[in-house]
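[1] below are the sequence and a predicted model; questions follow.
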Amino acid sequence: MIHKGKISENDSEKIKRLYEEYKNIMYFEAYKILKDIQLSEDAVQQSFIKLVGHLEKVEEDNFAKTKNFLTIICRNVAIDSYKKRATLNSNIDYIDEITNENLFATETKSSPCDIIIDNETLKNIFNAVEKLPSIYRDMILLEKLYGYSKKEICCLLDLNYETVKKRIIRAKKMLMEMLNEEDKV
């Protein structure tokens, strides 16, 4: 739920704690994309503005999960900033290369999430997710690990619904291909 007006004192304190704990990690992630100190600092700030409406999803006691969540948000804010800058510089072709999108991917009928999972399968899925390009890995993590709906992901990352839907489909297809390759070995 997006806050309108003032935020509570508890939320304000939570934001301060999160900022102090994760600002450097987020800055580093933004800087890898933007290669600019000021733009990277802006990306971190914009990420926290986006976070205000989603504080209930942040589990402060789980460092890894929180770090991944905040990194996903910051990475996407940085990519948006990069795209805006690149558009101004008429460099759209390069953006397509860095996002590694395959526009001809097709939907698959099954996914690892539909399979009854044992420990070994879970380990294989986790390893495969880690190997996905970040734009697809982020979609899977937000949907499956953090429990966001496609509509919530759209709002969180400023993407349209079809983009989110296609990226999730592509991510699942890539995961299936990776897992099928491992089964053959």
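    Sure thing, it's come through.
[2] domain ranges for this protein?
    Residue ranges for the domains of the chain, per automatic domain parsing: 7-99, 104-185.
[3] least reliable of the ones you listed by average pLDDT, please.
    Mean pLDDT values for those show the minimum at domain 104-185, a mean of 76.
[4] S8 - how many residues pack around it?
    Using other CB atoms under 10 Å, S8 has 10 other residues around it. In short, each C-beta sits where N, CA and C put it, glycine included.
[5] that should have said Y27, apologies.
    Every residue meeting other CB under 10 Å relative to Y27 is counted, giving 18.
[6] and the one 4 residues further on, by the same measure?
    Each residue near Y31 was counted by other CB under 10 Å, and the total is 17.
[7] look up how far L39 lies from it.
    9 Å (CB to CB, to the nearest Å).
[8] swap in E182?
    For E182, the distance to L39 - CB to CB - is 39 Å.
[9] so those two - more neighbours on which side?
    Neighbour count, other CB under 10 Å: between E182 and L39, L39 has more, with 16 against 13.
[10] okay but the more buried one is in contact with A30, surely?
    Yes - counting by CB atoms under 8 Å, L39 does reach A30; the two are 7.4 Å apart.
[11] list residues touching both of the two?
    A78 (CB atoms under 8 Å, 6 or more residues apart in numbering).
[12] could you double-check that L142 sits in contact with S149?
    No - contact criterion CB under 8 Å: L142 and S149 do not qualify, at 9.5 Å.
[13] pick out whichever of the two has more residues nearby.
    Using other CB under 10 Å as the criterion, L142 and S149 rank with L142 on top: 25 against 11.
[14] for the more buried one, which non-adjacent residue is spatially closest?
    Y148 (4.6 Å; CB to CB, 6 or more residues apart in numbering).
[15] which SS class is that neighbour?
    Of the three states, Y148 takes coil according to DSSP: H, G, I helix; E, B strand; the rest coil.
[16] and it, how far is that from E177?
    24 Å.
[17] these two: who's more crowded?
    Y148 (21 against 12).
[18] can you pull the contacts of that one?
    Going by CB under 8 Å, 6+ apart, Y148 touches 57, 142, 156.
[19] ok, now how distant is it from R85?
    Separation of Y148 from R85 (CB to CB) stands at 27 Å.
[20] also K131?
    29 Å.
[21] and these two? Which one has more around it.
    Each of K131 and R85 has its neighbours counted (other CB under 10 Å); R85 has more, 14 against 11.
[22] show me where the protein has helices.
    Counting by DSSP state H, residue ranges of the helices within the chain are 9-34, 37-51, 63-88, 92-99, 119-131, 134-140, 150-157, 161-184.
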